[in-house]
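1. Take this sequence and fold it.
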Amino acid sequence: MNDELAIGDSYPVTFEPLDRTLAVRRAETILSAALASGYPLAYNCRNGICGSCKAKVTQGLVDHGETACRGISEKEQSEGFALLCQAKPLSAVTVVCQVVNAVEGVPLRRVAARVHELDRLADDVMRIRLKMPAKDPIKYLPGQYIDILMNGGIRRSLSVASSPNDGEFIELHLRNYGGPFSTHVFNKMKVSDLLRLEGPMGTFFIRDESEKPIVFVASGTGFAPIKSMIEHEVRKQSRRSMRLYWGGRRPSDLYLDTLAQQWVKEHGITYVPVVSDPRPEDRWTGRTGFVHRAVMEDFPDLSGHQVYACGAPIVVQSAQQDFTAECKLPESEFYADMFVSSTPSNP
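-> The predicted structure follows:
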């Protein structure tokens, strides 16, 4: 269908409401091509899990890729929706997508950064401070992430935990899941080593046009981008109410609990730590259970709030489903980033 419109090995893809058309290779995802051209589309995980890049295909055909039972339902596919991080053009295509204008002036770049400091925040969590090139550091919005580029096309996505105000240094929090990058960091990496980075990525950041109270939901190292957001809001003296719910299996998973407690004392932020599987030796006396359920106990009505959630897919997906279904949170006021085990390489 529409093969006469093919240009070599590419098809024209029109993006609405941007009213822009781009040649996308048949073997390339529509999102990859759009990001390479600087288009300000909504996206996060790029793995077909989070659903942030969901768009309506109004003309043409696409190969949906590996999207079954992940970030899009069969019903949504039958209604013409596709995940742009997975979809590849099979003809000339028109898509109606979500545009995030704030990222248009934040270019995607590759740089080499030097390891400035390594600090174990917990047995399985490492804080990595990197020094950016002084003349040309990566610019990012609080909440965005970068990719570490390793040999063999391996990428490891990590949220930036520092505020853009920190200048030439950026901070990353890495949990050791036993993958190639984690193994390298925990066993071999040294101060002054060089890393290749690409970023910034994602559209997980605070929408400044709103004055609604903010509820942050973090699990594990999902705390990292939320730390960046909170520190940025504090530095710009934001007047918005902020509540942080941070969950982990054990108290040790809340690896910067003292920092969060400091925000409470110095900036009036409400902090609720939640532990799902405390042991007797932990002597935990705080909230227990699932972190998003703690939010629901405190806020049976979230209709007047914005929620920013980050962590494991099960946590984020449960929060989105339950907040919108049971707590009256508008779907448009739930913003999230999900941590996944791997990131696809660019074609």
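
2. From now on I want contacts and neighbour counts done on CA atoms only, so please keep to that.
-> Noted.

3. In the helix or strand harbouring P225, which residues are buried?
-> Per DSSP states H and E, P225 falls inside helix 223-235. Buried residues in helix 223-235, counted by 16 or more other CA atoms under 10 Å: 223-233.

4. Show me what counts as buried in the helix or strand of the chain with the lowest mean pLDDT.
-> Using mean pLDDT, DSSP states H and E, helix 74-78 stands out as the lowest-scoring helix or strand of the chain, at a mean of 87. By neighbour count on 16+ other CA under 10 Å, the buried set for helix 74-78 is Q77.

5. again, but for stretch 101-118
-> 103, 106-110, 112-116, 118.

6. ok, now stretch 213-223?
-> 214-223.

7. Could you do stretch 286-295 as well?
-> Quick answer for stretch 286-295 (16+ other CA under 10 Å): 288, 290-295.

8. ok, now stretch 234-244?
-> Quick answer for stretch 234-244 (16+ other CA under 10 Å): 242-244.

9. From A309, how far out is H292?
-> Between H292 and A309 the distance is 9 Å, computed by CA to CA, to the nearest Å.

10. okay, and the common contacts of those two?
-> Residues touching both H292 and A309 (CA atoms under 8 Å, 6 or more residues apart in numbering): 217, 319.

11. what about the closest residue to H292 other than its chain neighbours, neighbour count?
-> Ranked by CA to CA, 6 or more residues apart in numbering and with sequence neighbours excluded, the top spatial neighbour of H292 is A319, at 5.5 Å. A319 has 23 neighbours, counted by other CA atoms under 10 Å.

12. which residues touch the one helix or strand A319 maps to?
-> Using DSSP H and E, A319 falls within helix 313-326. Residues outside helix 313-326 that contact it (CA under 8 Å, 6+ apart): 49-50, 219, 291-293, 296, 300, 302, 309-310, 329-331, 334, 336-340.

13. can you check stretch 54-70 too?
-> So stretch 54-70 is contacted by 1-2, 48-50, 72, 74, 80-84, 86-98 (CA under 8 Å, 6+ apart).

14. Now the buried members of those residues.
-> Counted by 16+ other CA under 10 Å, the contacts of stretch 54-70 give 48-50, 72, 80-84, 86-98 as buried.

15. Going along the chain, name the helices of this structure.
-> Secondary structure of the chain (DSSP state H): helices at 30-36, 74-78, 180-187, 223-235, 257-267, 291-298, 313-326.

16. Next one: M132 from I154, what distance?
-> 21 Å.

17. thinking again about what came up before, run through the neighbouring helices and strands of the helix holding P225.
-> Counting contacts by 3 or more CA pairs under 8 Å, 6 or more residues apart in numbering; DSSP states H and E, helix 223-235 packs against strand 306-311.

18. partners of the strand it packs on in the sheet?
-> Next to strand 306-311 in the sheet, as set by DSSP bridges, lie strand 214-219 (parallel), strand 334-338 (parallel).

19. count of neighbours near G38?
-> A count of neighbours around G38, defined by other CA under 10 Å, yields 15.

20. actually D9, not the one I wrote
-> 10.

21. got JSON lines for the buried residues of stretch 234-244, with distance to S210 and pLDDT too?
-> Below are the buried residues of stretch 234-244 laid out as JSON lines (distance: CA to CA, whole Å; pLDDT from 0 to 100):
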{"residue": "M242", "distance to S210": "13", "pLDDT": "98"}
{"residue": "R243", "distance to S210": "16", "pLDDT": "98"}
{"residue": "L244", "distance to S210": "18", "pLDDT": "98"}
